[in-house]
Structure formats: C-alpha cells, structure tokens
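Novice: Make a model of this:
(chains A, B, C and D)
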Protein chains: 2
Amino acid sequence: MYSTLTHLQSTFTADCVIFGFDEGELKVLLVERNQYPYKDWWALPGFFVEHSETIDNAVERILYEHTGLRNIFMEQLYTFGDLKRHPQGRVITVAYYALLRLKGQSTLKPHSDYVRQAVWHPVENLPELAFDHANIIARSLEKIRQKIKYTPIAFELLPEKFTLTQLQKVYEAIIGISLDKRNFRKKMLNYNFLKELDEKQEGVSYRAAKLYKFDKRKYAKIFQNDLSFKK
Amino acid sequence: MYSTLTHLQSTFTADCVIFGFDEGELKVLLVERNQYPYKDWWALPGFFVEHSETIDNAVERILYEHTGLRNIFMEQLYTFGDLKRHPQGRVITVAYYALLRLKGQSTLKPHSDYVRQAVWHPVENLPELAFDHANIIARSLEKIRQKIKYTPIAFELLPEKFTLTQLQKVYEAIIGISLDKRNFRKKMLNYNFLKELDEKQEGVSYRAAKLYKFDKRKYAKIFQNDLSFKK
DNA sequence: ATATAACGTGTATTTTCTACACTATCATAA
DNA sequence: TTATGATAGTGTAGAAAATACACGTTATAT
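Specialist: The predicted structure follows:
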C-alpha cells in the first residue's frame, strides 16, 4: 500500500472561498483562526482532508464546521502546492469556491474550536490574511469574473425574486464597470430565461420595480448546445 | 509539524494529459505501464509528487521521466480525489494538460523503468485505460473545447508556419464540427494576429497554400483588455 | 493537354452590439 | 394637495459581427 512510503505522503488541506452579495458589494467569508499557525489572523475556512472522505465531502464538512453553512454547491478552483505557502512545511491545498445568497446575518457560528467566528468581508477591503489566502481569493475573483460572462452565476448571489436593477448591480460589482441600463435589460430579457412576476418590490420609498425570477429550466434548454458556434 | 500526523497524510500524484495534432486528428500521449497496479495497461504519464518539489515542478519532472519531453508549458486542470479511483487506497491526483506541436515521431523514449513506451493515440479511439484516466482525458477535452473559443490554443498544436486550412482543421478537430472556409478565414484574418508570410507550402501535389505565423505580440495587445464588455 | 485536388475569394442578409435621454410612478415631506 | 426626490421603465438608429452560399484559379502529376 502506498501510504507506507512516507516520503510520498503529502499534507493535504481544502479551503473554501465563499462569496456573497450585500449592500451592493461583493463579500467573502473569512474566519478568525483560533489555532497556530496564524492564530488570531483572518483566513479562509479550511482544514485537513481526511483519508476516508472525497475532496468534495471534505470541503463540505470543513465549511460546516467553520461557518455552520450546509448544502452549499461549491466548485473546485485550483490546487496550490508552493513549498513556502505554509510556515510549517509543505502543505498542498485545494481551493473551492461558491456563490451564496446571503440574508443579512454578517456573523456565523462555527462548530469547531479551531475558529472563533466567521464574518463577511467586502472583497474590496480585506484584512491581512493567513498563508497565501489573499492570493487564493484573487484567483477566485478572476475566476468568477470570467465565469459571469458565460454562466448565470449572478443569480446565485441574489434572492429568488429580484429586480433588474439588483441584477445589474451584481454584474457591475463582479466585472467592475458600470453598464448601460437599457442595453443591460435588453440583453438579459432577450435571453429569455428571466420570468417576469406579477409582484413588485415592497418597502421602498420610491416607485417599486417589478420582480423577476431566474428560470433554470429555460436556461438549461437554451444553453444545452452550450454557447454558439454555427458554421 | 503536520507531517507527523499520519491520518492527515495523503498520497498525492500528478498526471499529464498531453495533446498533439497529426494527420488531421487530435491525439493524446499515453504510456504503457511497467509496474503494478495496472501493469501492461495504457495510462497517462503520472507519478508521485515529492515533498521537496512544487506541483508544477513535479509534473514537469514526471513528464520528462515518462516521455523524454521537456519544457512543455502545462496548465492545471483539476484535482481528483475519489475514494475508489486507485485500487490500493485513496490517492489524490492533480491533472495537468498541455498542447504540443508534434513532429512525426509517434513513440517517445521514457527515462524511467516504470513505463515501457510513450505513444500518441487518437482521442477518438483510445484503448482501455488505467485508473480513472479515461475520465481525466474526457475532462481535459471539455476544457480545451471551451478554451479554444476564447484563447489561441490552436496555434500550440501547429508548426510555426501553417496554412489557413491546417488551422481550420485544428478548430474542426477540437470543436467537432466542420466550418465554412470563407467565414473561418474572414474571422481569423480580422483578428489581425496572423502574419502572412512570403512563403508557400512545399511538397504538396496541388496548388500550394500561403503560410502564416501566429503573432503573439499582436495577440497580447489586442486581448490585453480581455475579451470585451463595453457598456 | 488534361485531370485532379486544394486554393482563394465576395456579397447580401440577419443578428447583435452600442450609444444615447426622457417620461412615468410612487412615497414622502412641505 | 402639491411639490420633490428617487428610481423605474422604455426605443431607435447606426455600426459591427455572423452567417449562408459557389465558383474561377493554380500547381502538380500523368
């Protein structure tokens, strides 16, 4: 069995980059570490991957232990293995990312003594981070910036019912430029995967906007021949 | 030091998916294994990642040992960690891929006793493969199919000087549909990153085609504001 | 000289992208 | 009740890109 050859064994961890959208800002979930190394520092939720679990299971478990979040669909980003990324020796880490609808609560309860709290931080204003986590977040940002161009990830950040202006704000926050309202709406509505509801925004002190839903089925149908190339 | 906690140690390997293009076909480089498990089977070039090397270094070394190829730019694809992917216990593997100009030689000389030979196989007609390597190749194919849509990877598969028809064949082989000659040329030439040479094809028994070169600089300039989104 | 095999080219139509500015609606405060 | 502030909602014209489609040209081999 390979696992007896110790020079061929690696320390292997998984880290989670969880994005949320709130107050017009893109945020990322960080934990305050309660163990060495980097005790008291902010870091990504992350821990060792055990022998008995797949990587997918491991990130799910780790995210739950560190933040209380469950059933979050995460996707693998990249595996980092620089020799100096961990002060106590070579640790390979695989990073996963996810996009989340967040509902106001800005602090989450960890179920683990290894971290004290989990808090949303605006990506534009992050504290100093443990390990190479700033780099991992930067890579994740690049990834979602690319991905939003050809995949409807924006909807994962919004409540089920949203206004077109809210949707536009998400795009603007992620790609980092401001878009023309009319062109944006024309484009989005032309895709035909938005369902206009009979409801309007409530509780606003100005003209209420129509609410829309993202129609996953229609999206799947439209894009099953994934994005073009005719002849 | 973490590496003393053996239940937190993982067996970690790296595999290489090397694509080439020859005779109008996309090919992938496979090795014939000379060790258990899967002795005598075809597999991707792959081996253990050592403590002392980064993952990037490891794949470079492994590719050289298994195929004699050096200085190939590889990119990370995905990390696979299913519990059952290796018959002797849980082995995590990170897969890298690369695209290569291949120059006729269909068999390469390994510098390692672990494999007997390295041979190019058409991706449309692969032998049965060790481990989950068929799956890894399938994922790599999906990746380059996506990537060719927004990145000039086609040129990595061609000789430095090529004809427009050869270029079109690469696109057709990767995306899997046949394209209109006139539209294809119009599109490619409009990008302005192809340099028309004063040379023609030689040794063909029909009208010789003009040769072109891919101009990396121009490409970089044109696409530094990476692919669109105005307003 | 002629057969063969691939080269190289243009146009009209449709679709998508872009730029751009004003009126409508609702809630609140005067 | 009326005025104000804030955001919602809408159309069009021009430019650029994508698509469909077919035939004369050139080099080689026989």
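Novice: Let's verify A:Gln166: helix, strand, or coil?
Specialist: helix (DSSP: H, G, I helix; E, B strand; the rest coil).
Novice: Can you give me the neighbour number for it?
Specialist: Per other Cβ atoms under 10 Å in any protein chain shown, the neighbour tally for A:Gln166 reads 19. Any C-beta I mention is one placed from the backbone N, CA and C, and that applies to glycine too.
Novice: what number of residues lie near A:Ala14?
Specialist: A:Ala14: 30 neighbours (other Cβ under 10 Å).
Novice: Tell me the secondary structure at it.
Specialist: Assignment for A:Ala14 (three-state DSSP): strand.
Novice: Give the closest residue to A:Gln76 in space, chain neighbours not counted.
Specialist: With sequence-adjacent residues excluded and distances taken as Cβ to Cβ, 6 or more residues apart in numbering or on different chains, A:Gln76 is closest to A:Tyr96, at 5.5 Å.
Novice: okay, the one you found: pLDDT?
Specialist: On pLDDT, A:Tyr96 comes in at 98.
Novice: and the next element down the chain from the helix or strand harbouring it?
Specialist: Assigning secondary structure by DSSP states H and E places A:Tyr96 in strand A:91-100. Next helix or strand after strand A:91-100 toward the C-terminus (DSSP H and E): strand A:107-108.
Novice: Just the mean pLDDT for that following strand, thanks.
Specialist: Taken as a whole, strand A:107-108 has a mean pLDDT of 77.
Novice: what's the offset of the following helix or strand past it from the middle of its chain?
Specialist: As assigned by DSSP H and E, the chain's next helix or strand after strand A:107-108 is strand A:115-122. Distance of strand A:115-122 from its chain centroid, counting by Cα atoms, centre = their mean, to the nearest Å, is 14 Å.
Novice: Just the buried residues of strand A:115-122, please?
Specialist: A:115, A:118-121 (16 or more other Cβ atoms under 10 Å in any protein chain shown).
Novice: just these now: which is nearest A:Glu60?
Specialist: A:Ala118 (15.3 Å; Cβ to Cβ).
Novice: Give me the pLDDT for the residue in chain A that DNA strand C sits nearest to.
Specialist: Closest approach of chain A to DNA strand C (Cβ to the nearest atom of the strand) occurs at A:Arg207, with a separation of 2.7 Å. In this prediction, A:Arg207 carries a pLDDT score of 94.
Novice: how many other residues sit next to it?
Specialist: The tally of other residues near A:Arg207 (other Cβ under 10 Å) stands at 7.
Novice: tell me the contacts of it?
Specialist: With Cβ atoms under 8 Å, 6 or more residues apart in numbering or on different chains as the criterion, no residue contacts A:Arg207.
Novice: okay, the nearest residue in space to A:Pro159 that is not next to it in sequence: pLDDT?
Specialist: Nearest residue to A:Pro159, sequence neighbours excluded (Cβ to Cβ, 6+ apart): A:Arg101, at 5.7 Å. With respect to pLDDT, A:Arg101 scores 89.
Novice: Output stretch A:202-214 as PDB, nothing but the C-alphas.
Specialist: Coordinates of each C-alpha in stretch A:202-214 appear next as PDB, following Å, rounded to 0.1, in the frame of the first residue of the first chain:
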ATOM      1  CA  GLU A 202     -42.100  46.300  -1.300                       C
ATOM      2  CA  GLY A 203     -40.900  48.700   1.400                       C
ATOM      3  CA  VAL A 204     -39.100  51.100  -0.900                       C
ATOM      4  CA  SER A 205     -39.800  54.800  -0.700                       C
ATOM      5  CA  TYR A 206     -39.900  55.300  -4.500                       C
ATOM      6  CA  ARG A 207     -41.500  53.700  -7.400                       C
ATOM      7  CA  ALA A 208     -41.400  49.900  -6.900                       C
ATOM      8  CA  ALA A 209     -39.700  47.800  -9.500                       C
ATOM      9  CA  LYS A 210     -41.100  44.600 -11.000                       C
ATOM     10  CA  LEU A 211     -39.700  41.300  -9.600                       C
ATOM     11  CA  TYR A 212     -38.200  38.600 -11.700                       C
ATOM     12  CA  LYS A 213     -37.200  35.000 -11.200                       C
ATOM     13  CA  PHE A 214     -34.400  33.100 -12.900                       C
END
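Novice: hmm, that stretch in reach of DNA strand D?
Specialist: Yes: using Cβ under 7 Å from any atom of the strand, stretch A:202-214 reaches DNA strand D at A:205-210.
Novice: Dump these into TSV; add secondary structure and distance to B:Asp215 as well.
Specialist: Shown next, in TSV, are the residues of stretch A:202-214 next to DNA strand D (DSSP: H, G, I helix; E, B strand; the rest coil; distance: Cβ to Cβ, whole Å):
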residue	secondary structure	distance to B:Asp215
A:Ser205	coil	57
A:Tyr206	coil	53
A:Arg207	coil	53
A:Ala208	coil	54
A:Ala209	coil	48
A:Lys210	strand	49
